[in-house]
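Undergrad: Let's see this in three dimensions:
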Amino acid sequence: MSISAGSSENEVCGDGSVTSDGDGVLSSREVASEINQPSKPEPLQKSTQYPQDAEMIKSMDTVVGDPEYNRNHENNRDNLFFSSELHCSTVVYVSRPEDVEKQRMGLPIVMMEQEIMEAINENISVIICGETGCGKTTQVPQFLYEAGFGAKNLTTRGGIIGVTQPRRVAVLATAKRVAYELGYQLGKEVGFQVRHDRRVGENCSIKFMTDGILLREVQSDFLLKRYSVIILDEAHERSLNTDILIGMLSRVIQERQREYEEQQKRILAGETIEKDNRIFPLKLVLMSATLRVEDFVWWKNFSYSSAWQREVEYLCQRFRRASREIVAKVAKGNNEASPVCKGIPPEENDIKEISEAFDFQGNSGHEITERFSSNMEEDHGDLSEDESDVSYDSSEDSDLEFYSDEENQSKPVDSDEKFSDILGAEGSLASLKTAFEALAGKNASNPPAEVQDAGQTLGGLKQSSSTVEENVEKNKGSSAGPMRVLPLYAMLSASSQLRVFEEVTEGERLVVVATNVAETSLTIPGIKYVVDTGREKVKNYNSSNGMETYEIQWISKASASQRAGRAGRTGPGHCYRLYSSAVFNNLFPDFSSAEISKVPVDGVVANFPFPTPPETDALIEAERCLKVLEALDGNGRLTPLGKAMARYPMSPRHSRMLLTAIQIMQQVKEYARANLVLAYAVAAAAALSLANPFLVNFEGSHNDANDLHHDEKAGSEESKKVTDTEEKSRKKKLKQAAKASREKFSNPTSDALTIAFALQCFELSGSRTEFCSENALHYKTMEEMSKLRKQLLQLVLGSIFTDVQQEFSWIHGNFEDVECAWRVSSEKHPLLLNEEEILGQAICAGWADRVARRVKGASVLSEGDRKVNSARYQACMVKETVFLHRWSSLAKSPPEYLVYSELLHTKRPYIHGATIVKSNWLVQYARPLCSFSAPLSDPKPYYNPTSDQVFSWVAPTFGPHLWPLPLHGLPIKDDFNRVAVFACSLLEGQVLPCLKAVRKFLAASPASMLKPEAWGLKRVGNLLSKLNRKGRVIDSCAKLRMLWEENPIELFPEIQDWFQEGFRIQFKELWQEMLHQAALDSKERFSKRISKGKKKV
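TA: Have a look, this model is predicted:
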């Protein structure tokens, strides 16, 4: 374990001693004896102060020794006391159970408690690096608690000890363990908070949370005044939230230190500061077993004055070395049992058996194809190519990936190459298979003859004299106990995740099949063996085209160390790595890439102090995206819309979607079903934020409780065949239910609205668990989506905007009104066509740069792509052809244009989260990606009474592929042309309806004013010159009204000249009507036209 100390606080001067009530100094030995005594725990003790800073001593002597000062400033004594509390050593006595004390004494980190606390007391920021299993996660928060941090009656350290974990399951497990060790009830002194679950008491001293929770607290309270210490555990994972937190906290600790120093100067100057307004330094502790310390030691935002390190050997290393010594003894023929193995049943630690099993020779390619191809054919024989190639992901951990039987059978050589590449040596797969059978206590089936022959000729290697079958026969008398197999991955419910921590009954063997969620933070008790494949599935993001790709790649050496650290945490253990040392040394990177280099950074493009800055291309792409969403203007400044988007704790795309829906509905103020539209908009945003619940895991979506004692029933070959048949039948029924479920909830206009409808039915169902089981929906995803929907709705309706941003406020009702509209049950789709269009426009606005246009021809496609039975599209930001997945709600009737939430590249790029859009929406909601032609003369320009503007028609094109869009009207920029169009529209009755009835009495066509050659005519020139006077341009009805309010007869002769002489007698009456209509607003002037428009809406 190494400790790296950060920038030092000059005022802090703790000397490591502990005092009691200020009467004397207790030595460390005396303190230990006090703690170990069975007497009742003592309350918090305060020590005397021992300032080391000479200037501080001098200042304090001056203040305290000056009678005049003390006489005039009696109230400042409290300030001086609190300011000097930082310079004392304190101890909180904790009474732990005896078994906990015994276990703690065996943790390496406990041996370095004094050094760790000295580093934290003397520095603002500290990095603690200790190998897996040394006790960092559970013990460092307790060190701080015992040192007085988190104690409410100690003002200087009374803030909460905040501890972040990258995953929710780690938060729950560590909070429960720390509360148990301290003897407190979980949810009071020791609390936790994850999304949708919070258990924090009023007197909470230690709070565990995910990094996203702390990030939200920083946004609401930048200085984190409620906290005295922040611990970022597992900092090596370098998630996006972690990097953002480190960057923000680097500024927070500096600002807190600066304000503390300024406050101390004010106190020494005699100023009285209220207790609630006092500020003290914030400590930042980064912890990890495999952190790349250089990224932080040399980081300019962590100005380290000195960095010292101390290595502490991790106990589990000795366990692994002991296991290797046993293997070495077996290889030499020495079968004497090691002391580590004494008392352990042979089926649990028969190293000889394992060693000989892994020495089995043979080529595995034909065997693996023969054994697994039949199962794949029965399980997924009816899947089409694009169905079998879909990847399932939870955004936190990898889930599933289906491969068709056709793919596996047609490319056996490629399959062998992949397995051989992973295992690091040819023939290792058969060895692994046989070893697993030996570990499970089963008789290994005889390999095919061709495999035996291949094994005898491989490199002239000598076969072992005793086969694995013979070893199993010898150990037949001591058969292995039942096996309990449990999964562990992010999509599991919390209760299912916590089952891996339950006590294993005697004689039962626990096997945990886990994703990377078990790589860090967690200590699963009783785990003796870890099998590390050396692989991980990672979602990589290509910022140039916005495509996300799932790739199976090598892990880093740091991750390999983390995985090995899961073995032998509570006893002897061993890690079996399914790759060679050459692969480890030559192909494994030292550390995994930070998440910020693999995800979009749309929401984080400002000048931010990242420990690992994102790629320049990613920042450029993020800024381009925000400009497309109209969150930034052309100069990169936040627009009013961008400021409103920043108020929502979600990606800019989702907030843009919600705000667009609100803007559209504000234009229809008396719409009775407005609250239902908002409810569906929020539900669609929640649906697009999480994984697709319809993409179920056919391999393990049934109830895990049915599998707890699976091996007890499957002891014989006959029962095993029956169980396999039942399993295949279950998968087939589940797949049929999933297909029926998609059709039941399908909305042909949007995948997001399909999921939103399923979510509504889910919340209205009597039993949510049964509903998900009947409709093949992922319960945990649906439950989280339901909670997220309510959270977003409260945020939308609880946001208070400024007067400038009132257009983003909801005016149709409150939370109860929207919830009431949402709870109205409907067997069919509750949305009307116009409501689906409103929501489609909102989704289009949020994903305006992810538009795809259907490709009719197939001449440019490859031979393999032509065989795919899916609609083909050209994405605006992607060069290659993309495909609409057959499971999409839009697949039956593919539209001309659509927007998608993401592109996932498996065997080929597939569109997910598709929504139909109309081509004219693109100009309205994706204008930065549109190009416009010069104004067209045909059709001619026009006046819009609703906006009171004049427009000209242009021919737009969209995106880099220049897709032609329908003609669009743009406001005319040139003053003279704008006045000419307004004058023509005025005489034609488009501005004032009363002129429309007398058009037949005009002496000339008003359209002549649009021709430059007619501008020399007297009646044309006079009217245009009057409307386009210097300093005052009359190009709207509003400006015309203001002109006539000043002078009612202005423009009278110029307009009269446009009428025939016989009509001039009646023109005075017409003039009075024109003045009257000009005083009305557009709704009153064109009431009939507006009422027709409402009926259409």
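Undergrad: Least confident secondary structure element in the protein?
TA: strand 398-401 (a mean of 29; mean pLDDT, DSSP states H and E).
Undergrad: ok, now how distant is R266 from G158?
TA: R266 is 21 Å from G158, where distance means CB to CB, to the nearest Å. For glycine as for every other residue, the C-beta is placed from the backbone atoms N, C-alpha and C.
Undergrad: Which one's more surrounded, the two?
TA: A side-by-side neighbour count of R266 and G158, using other CB atoms under 10 Å, places G158 first with 17 against 13.
Undergrad: For whichever strand or helix holds E1084, which residues meet the burial criterion?
TA: Using DSSP states H and E, E1084 sits within helix 1082-1085. Using 16 or more other CB atoms under 10 Å as the test for burial, helix 1082-1085 gives 1082, 1085.
Undergrad: which outside residues touch that helix?
TA: Contacts made with helix 1082-1085 from outside it, assessed by CB atoms under 8 Å, 6 or more residues apart in numbering, are listed as 945-946, 948, 992-993, 1037, 1077, 1090.
Undergrad: now swap in stretch 998-1011 and tell me
TA: Residues from elsewhere that reach stretch 998-1011, judged by CB under 8 Å, 6+ apart: 937, 940-941, 980-981, 983-989, 1014-1015, 1017, 1019-1020, 1023-1024, 1057-1060, 1062-1063, 1070.
Undergrad: Now do the buried residues in that stretch.
TA: Buried residues in stretch 998-1011 (16+ other CB under 10 Å): 998, 1004, 1006, 1009-1010.
Undergrad: which one among those residues gets closest to A151?
TA: L1010 (81.2 Å; CB to CB).
Undergrad: returning to what we had before: mind giving me JSON lines with the buried residues of stretch 998-1011 and columns for secondary structure?
TA: Formatted as JSON lines, the buried residues of stretch 998-1011 follow (DSSP: H, G, I helix; E, B strand; the rest coil):
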{"residue": "V998", "secondary structure": "helix"}
{"residue": "A1004", "secondary structure": "coil"}
{"residue": "P1006", "secondary structure": "helix"}
{"residue": "M1009", "secondary structure": "helix"}
{"residue": "L1010", "secondary structure": "helix"}
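Undergrad: Quick check: the two most widely separated of the residues you listed?
TA: Applying CB to CB across the buried residues of stretch 998-1011, the maximum distance is between V998 and L1010, 20.5 Å.
Undergrad: coming back round to it: list only buried entries from the contacts of stretch 998-1011.
TA: Neighbour-count burial (16+ other CB under 10 Å) applied to the contacts of stretch 998-1011 gives 941, 980-981, 983-988, 1014, 1019-1020, 1023-1024, 1058-1059, 1070.
Undergrad: V917 and A845, how far apart?
TA: Distance from V917 to A845, by CB to CB: 10 Å.
Undergrad: Helices of the stretch 151-300 of the chain, residue ranges please.
TA: With DSSP state H, counting those that start in this stretch applied, the stretch 151-300 of the chain shows helices at 168-182, 211-220, 240-268, 294-297, listed in chain order.
Undergrad: Quick check: which of those is buried the most?
TA: Highest mean neighbour count of those: helix 168-182, a mean of 22 (counted as mean count of other CB atoms under 10 Å).
Undergrad: Could you work out the end-to-end span of stretch 905-925 for me?
TA: With CA to CA, to the nearest Å applied, stretch 905-925 spans 27 Å between its terminal residues.
Undergrad: Which positions within it qualify as buried?
TA: Buried positions in stretch 905-925, judged by neighbour count with 16+ other CB under 10 Å: 905-919, 921-923, 925.
Undergrad: same thing with stretch 557-577?
TA: 557-570, 572-577.
Undergrad: For Q263, which non-adjacent residue is spatially closest?
TA: Nearest residue to Q263, sequence neighbours excluded (CB to CB, 6 or more residues apart in numbering): I279, at 5.8 Å.
Undergrad: my read: that neighbour touches R266, true?
TA: No - contact criterion CB atoms under 8 Å: I279 and R266 do not qualify, at 11.1 Å.
Undergrad: list residues touching both of these two?
TA: Counting by CB under 8 Å, 6+ apart, I279 and R266 have no common neighbour.
Undergrad: This protein - how does it break down into domains?
TA: Residue ranges for the domains of the chain, per automatic domain parsing: 2-8+98-313, 487-496+508-592, 640-830, 847-973, 990-1096.
Undergrad: List phi and psi for A672.
TA: For A672, the backbone dihedrals (degrees, to the nearest 10) come out as phi -70, psi -30.
Undergrad: Please list all residues in contact with the closest residue in space to V218 that isn't next to it in sequence.
TA: Nearest residue to V218, sequence neighbours excluded (CB to CB, 6+ apart): M248, at 5.3 Å. By CB under 8 Å, 6+ apart, M248 lies in contact with 215, 218, 222.
Undergrad: Turn the residues you listed into CSV, including distance to E784 and pLDDT.
TA: Formatted as CSV, the contacts of M248 follow (distance: CB to CB, whole Å; pLDDT from 0 to 100):
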residue, distance to E784, pLDDT
L215, 18, 85
V218, 23, 85
F222, 28, 85
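Undergrad: Which member of those residues is positioned nearest L734?
TA: Of all the contacts of M248, L734 sits closest to L215, with 37.7 Å by CB to CB.
Undergrad: can you pull the contacts of that closest one?
TA: Contacts for L215 (CB under 8 Å, 6+ apart) come out as 241, 244-245, 248.
Undergrad: Helix, strand or coil: sort out the closest residue in space to H778 that isn't next to it in sequence for me.
TA: Nearest non-adjacent residue to H778, counting by CB to CB, 6+ apart: P693, 4.6 Å away. Under three-state DSSP, P693 falls in the coil class.
Undergrad: hang on, P693 packs against E784?
TA: No - counting by CB under 8 Å, P693 does not reach E784; the two are 9.6 Å apart.
Undergrad: Between those two, tell me which one has more neighbours.
TA: Using other CB under 10 Å as the criterion, P693 and E784 rank with P693 on top: 24 against 20.
Undergrad: residues touching that one, list them.
TA: 755, 758, 777-778, 781-782, 785.
Undergrad: go with 6 Å
TA: Going by CB atoms under 6 Å, 6 or more residues apart in numbering, P693 touches 777-778, 781-782.
Undergrad: now do L788
TA: Counting by CB under 6 Å, 6+ apart, L788 touches A686.
Undergrad: Fine by me, thanks again.
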